[in-house]
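Undergrad: one predicted model, sequence on top.
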Amino acid sequence: MFNFSANHMVLLASMDWGKYQTFMMKDLDTQRSYKVFDFSKTHVFCKDKVYCISGKINSTEKLYLVLENFKEDSKYYQAAI
């Protein structure tokens, strides 16, 4: 497993799968979308806020971004959303 962190992320969609939640997040700088897994099911995102996220990358067969921490990115200019 490797560490990852990303800034300027916004929530596109979320889904609860019983044992875990998935979040589709978009990086506002690169315009890339990521599927982020939350196995603790403790993280809550709002669609109108920008976040910094961090966690682990599990690279067995596919690339899984496993969320560990997040915080609101208060330094990012909100009008860019």
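TA: Thanks, I have it. A quick note: this is a predicted structure, and the numbers were derived from the prediction, not measured.

Undergrad: mind checking pLDDT for Arg32?
TA: Arg32 is assigned 90 on the pLDDT scale.

Undergrad: excluding chain neighbours, give the residue nearest to it in space.
TA: Leaving aside its sequence neighbours, Arg32 sits nearest to Lys26 (CB to CB, 6 or more residues apart in numbering; 7.2 Å). (Glycine included, C-beta is placed from N, CA and C.)

Undergrad: relative to Cys52, how far out is that neighbour?
TA: According to CB to CB, to the nearest Å, Lys26 and Cys52 sit 14 Å apart.

Undergrad: now Gly18
TA: 28 Å.

Undergrad: between these two, tell me which one has more neighbours.
TA: The neighbour comparison of Gly18 against Cys52 (other CB atoms under 10 Å) goes to Cys52, with 17 against 6.

Undergrad: from Asp29, how far off is the more buried one?
TA: Cys52 sits 12 Å away from Asp29, going by CB to CB.

Undergrad: spit out the residues that contact those two alike.
TA: Shared contacts of Cys52 and Asp29, defined by CB atoms under 8 Å, 6 or more residues apart in numbering, are found at 7-8.

Undergrad: partners of the longest strand anywhere in the chain in the sheet?
TA: Counting residues, the longest strand found in the chain (DSSP state E) is strand 2-16. Looking at strand 2-16 with DSSP bridges, its partner strands are strand 21-27 (antiparallel), strand 51-59 (antiparallel).

Undergrad: ok, then the element right after the first one?
TA: This means strand 21-27. The first helix or strand that comes after strand 21-27 along the chain, using DSSP states H and E, is strand 33-38.

Undergrad: now swap in the last one and tell me
TA: Moving toward the C-terminus from strand 51-59, the first helix or strand encountered (DSSP H and E) is strand 63-72.

Undergrad: tell me which other helices or strands that next one touches.
TA: Here strand 63-72 touches strand 33-38, strand 51-59, going by 3 or more CB pairs under 8 Å, 6 or more residues apart in numbering; DSSP states H and E.
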